[in-house]
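**Q** pasting the structure only:
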């Protein structure tokens, strides 16, 4: 068994956070940091940080700390950000447009290669360097361009049909802004859900408790 | 000690998910559900569901299950969605506008009462029923209208100053789309962070591992 197969999702979910913190350190001219100091800044424990990094190999040296730039690039490589996965966006309404223009995909390991919508008033409009295509063009586009990831900015009711179609077209991963639970029908799909309303409701609860 | 003081964040974070699932059940005409069936649908265990609900009181009956509509309204009340917390939005760029128009705040326990930006080309424009105000107007607005929550759709570099000012104006909670770590300087603030890029990078990693 390779090292990576044992890594838990909670470690994986911390990687982007390490990556962001290390980027800031690097930008602020910090070249070396101890696990204790990194832990303080990130509100983790030093032993957790050492354990997390040990999942991926040997970084840092006892009593010497981590070289910031080197560790930053290691995590970049581990996250796969040095390779660009071709991605398409389904649904070019408000949220879809914002995601398409704001996300800096190429810094996150993705390349947005196509945008699709069903609304004839949206099809044909430009978003960045891309022109929104009709969903009728999706099959041919996917067969030609082989995207591996789809971003779903569509209503929950449209999602089951679209996900079924995309899965048949070879899409393996979904960045899912809809509330459709993809893994019920597609257990092998790799899914990251973004439930903004859950986050807002959690804040409502916590504010109410404080009062 | 009241019941609520013991509740862990992981239970609290599951509440919006229960709320969504119960809403769907209700809309599909399901009136009663066993913890076992709810567990199957939500990919949890029945005992976890029973334990979660026990944090808040006595719901359901041994061998009889939960009344869907009643439980839905109980969770709505627990989440505080029956009271509207006044909220303001700082930053009316692409993401800010999308959040302002798409989030159905009043169904999530919030009421958006003001939107602010520093860009003179954005100040004065309309978003839904609100007109974007200048950040110069923020102090007076907050003193008059007493918002309790702020949504931050601003760059990380602007966030420290804005958060300091808002805290002094009585804001207790932040829905934070910036990458500024609010609790370092403001340990008492109630913060929900939305790190979309972390979610995207996690997906990059998981897709790469699958290959």
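**A** Yep, that arrived. As the structure is a prediction and not an experimental result, all values here were calculated from the model.

**Q** Counting neighbours, what do you get for residue A:127?
**A** Other residues lying near residue A:127 total 19 when counted by other Cβ atoms under 10 Å in any protein chain shown. Glycine gets a C-beta too; all of them are placed from N, C-alpha and C.

**Q** quick one: contacts for it?
**A** Taking Cβ atoms under 8 Å, 6 or more residues apart in numbering or on different chains, we find residue A:127 in contact with A:92, A:97, A:100-101, A:115.

**Q** buried ones in the longest strand anywhere in chain A?
**A** For chain A, the longest strand by residue count, based on DSSP state E, is strand A:110-117. Neighbour-count burial for strand A:110-117 flags A:110, A:112-117 (criterion: 16 or more other Cβ atoms under 10 Å in any protein chain shown).

**Q** partner strands of the following helix or strand past that strand, parallel or antiparallel?
**A** Sequence-wise, the next helix or strand downstream of strand A:110-117 (DSSP states H and E) is strand A:126-127. Each strand paired with strand A:126-127, and its direction, by DSSP bridges: strand A:130-131 (antiparallel).

**Q** what is the mean pLDDT for the strand it pairs with?
**A** When pLDDT is averaged over strand A:130-131, the result is 98.

**Q** Chain A: strands as residue ranges?
**A** According to DSSP E, chain A carries its strands in the segments A:32-33, A:66-67, A:85-90, A:110-117, A:126-127, A:130-131, A:133-134, A:149-152, A:173-176, A:190-193.

**Q** can you put those strands in JSON lines and add distance to residue A:199?
**A** Below are the strands of chain A laid out as JSON lines (distance: least, Cβ to Cβ, whole Å):
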{"stretch": "strand A:32-33", "distance to residue A:199": "30"}
{"stretch": "strand A:66-67", "distance to residue A:199": "31"}
{"stretch": "strand A:85-90", "distance to residue A:199": "21"}
{"stretch": "strand A:110-117", "distance to residue A:199": "22"}
{"stretch": "strand A:126-127", "distance to residue A:199": "25"}
{"stretch": "strand A:130-131", "distance to residue A:199": "28"}
{"stretch": "strand A:133-134", "distance to residue A:199": "31"}
{"stretch": "strand A:149-152", "distance to residue A:199": "18"}
{"stretch": "strand A:173-176", "distance to residue A:199": "15"}
{"stretch": "strand A:190-193", "distance to residue A:199": "11"}
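
**Q** Return the most buried member of those strands.
**A** Comparing the strands of chain A by mean neighbour count (mean count of other Cβ atoms under 10 Å in any protein chain shown), strand A:149-152 ranks first with a mean of 26.

**Q** which other residues reach it?
**A** Residues contacting strand A:149-152 (Cβ under 8 Å, 6+ apart): A:85-91, A:96, A:99, A:110, A:112, A:159, A:162-163, A:166, A:171-178, A:180, B:203, B:207.

**Q** can you list the domain ranges for chain A.
**A** Residue ranges for the domains of chain A, per automatic domain parsing: A:3-79, A:85-198.

**Q** Out of these, which is the most enclosed?
**A** The highest mean neighbour count among the domains of chain A, using mean count of other Cβ under 10 Å, belongs to domain A:85-198: a mean of 18.

**Q** That one spans what distance, first to last residue?
**A** One end of domain A:85-198 sits 28 Å from the other (Cα to Cα, to the nearest Å).

**Q** coming back round to it: return the item of the buried residues of strand A:110-117 having minimum pLDDT.
**A** The member of those with the lowest pLDDT is residue A:110, at 95.

**Q** need the contact list for that residue.
**A** By Cβ under 8 Å, 6+ apart, residue A:110 lies in contact with A:84-87, A:149, B:200, B:204.

**Q** Any chance of CSV for those residues, columns pLDDT?
**A** Formatted as CSV, the contacts of residue A:110 follow (pLDDT from 0 to 100):
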residue, pLDDT
A:84, 93
A:85, 94
A:86, 97
A:87, 98
A:149, 97
B:200, 95
B:204, 93
